[in-house]
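**Q** Below is the sequence, then the predicted model.
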Amino acid sequence: MQKSGRKKSKLAMKFIYIFLSLLAVVYLLPLLWVIYVSLKDDKTLFVSPWAMPEHLMFENYSFAWTAGKLGTATLNSAIVCGVTLLLCLLVGSMAAFAIGRMRWKLSGAMMTYFLTGMMIPVHCILIPVFTRFSKMHLTNSLTGLILPYLTLSLPITIFIMTGFFQSLPNELFESACIDGCSIYRSFTHIALPLSRTGLFVTGLMTFVANWNELLLAMVFISDDSKKTLPVSLSKFVGPYNTNYSQMFAAIVIAIIPTIIVYCMFSNQIVDGLTAGAVKG
């Protein structure tokens, strides 16, 4: 009986590995195809889109970088996303700690207030926000992008972080309070380290969402020197002509930072799943 059970478990593991391998191919194939197309010219792409290119067109990347001004656009996106990420994690974690761990009458109402932001589409507030920002001279500036990005990112951050803070054992905070730990030290020395899984998850979601955001950046920014990366990618699509090979090269350049960020922090997310475990 034990041998038959072991055989079934091994067979099940083989099927799982095969399924996961096929799933990895499904997810990686579009990315590999984009890189593959970026090394062709338009003529080869239209004649035989799946054939191997005769010559690898690495100059597509240099043209995309210079003609599309991707260097400046990448820097602008990095500034906007970096500042938004830091402010979102700081403000969102503090608000979530106040809602999830502190006892006060309006905590439930504040949670409902923040969750309302998740239900309002950005298209509904685009015109009012643009009008107000125009009067405040915040349009055509990176600050005018950071503020709406922060506002739109806070609800999901507060929602996720509140769940992490509420899952922490009360005994930890009671012991810290008995030892004379203030509410601020409880937040920085107990709540944040044990909830770093939520910080990494919300950080990745915030960074990727704001890095790929196009609508607000296209409406609020008109100066080429202040445009972000998604807006710069739209330059490769013209009304009468589109250079697809160079456009795909620009797309590859645009997605490289998100891949690097995910590869850097994905292991820390997995490690954080057990970091907050309470051992008896």
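**A** That came in fine, so what should we check first?

**Q** what helices or strands is the helix or strand encompassing residue 65 leaning on?
**A** If you go by DSSP states H and E, residue 65 is part of helix 59-67. Packing contacts for helix 59-67, counted by 3 or more Cβ pairs under 8 Å, 6 or more residues apart in numbering; DSSP states H and E, involve helix 244-275. Where C-beta positions appear, they are placed from N, C-alpha and C, glycine not excepted.

**Q** Compute the inter-axis angle for the helix it packs on and helix 59-67.
**A** Here helix 244-275 points in a direction 90 degrees away from that of helix 59-67 (axes from the mean of the first three to the mean of the last three Cα atoms, to 10 degrees).

**Q** and the host helix or strand of residue 27, average pLDDT?
**A** Element membership for residue 27 (DSSP H and E) is helix 2-38. Helix 2-38 comes out with an average pLDDT of 81.

**Q** next one: stretch 106-115
**A** Here the average pLDDT along stretch 106-115 is 86.

**Q** do you know how far residue 195 is from residue 168?
**A** Residue 195 sits at a distance of 7 Å from residue 168 (criterion: Cβ to Cβ, to the nearest Å).

**Q** and the gap between residue 248 and residue 39?
**A** Distance from residue 248 to residue 39, counting by Cβ to Cβ: 9 Å.

**Q** Quick check: neighbours shared by those two?
**A** With contacts taken as Cβ atoms under 8 Å, 6 or more residues apart in numbering, residue 248 and residue 39 have residue 60 as neighbours in common.

**Q** Now find how far off-centre the helix or strand harbouring residue 46 is within its chain.
**A** Using DSSP H and E, residue 46 sits within helix 42-47. Distance of helix 42-47 from the chain centroid (Cα atoms, centre = their mean, to the nearest Å) equals 34 Å.

**Q** Are there helices or strands packed against that helix, and which ones?
**A** Using 3+ Cβ pairs under 8 Å, 6+ apart, helix 42-47 is in contact with helix 244-275.

**Q** got the angle for the helix it packs on vs helix 2-38?
**A** Using the same axes, to 10 degrees, the inter-axis angle of helix 244-275 relative to helix 2-38 is 150 degrees.

**Q** Could you count how many residues lie near the residue nearest to residue 31 when sequence neighbours are not counted?
**A** Spatial nearest neighbour of residue 31, chain neighbours left out: residue 255 (7.7 Å); criterion: Cβ to Cβ, 6 or more residues apart in numbering. Neighbour count for residue 255, taken as other Cβ atoms under 10 Å: 16.

**Q** Would you quantify the distance from residue 255 to residue 48?
**A** Residue 255 is 25 Å from residue 48, by Cβ to Cβ.

**Q** now the residue most central in space within the chain, nearest residue through space, not along the chain?
**A** The chain has residue 208 as the residue nearest its centroid, 2.1 Å off, counting by Cα atoms, centre = their mean. Leaving aside its chain neighbours, residue 208 sits nearest to residue 258 (5.6 Å; criterion: Cβ to Cβ, 6+ apart).
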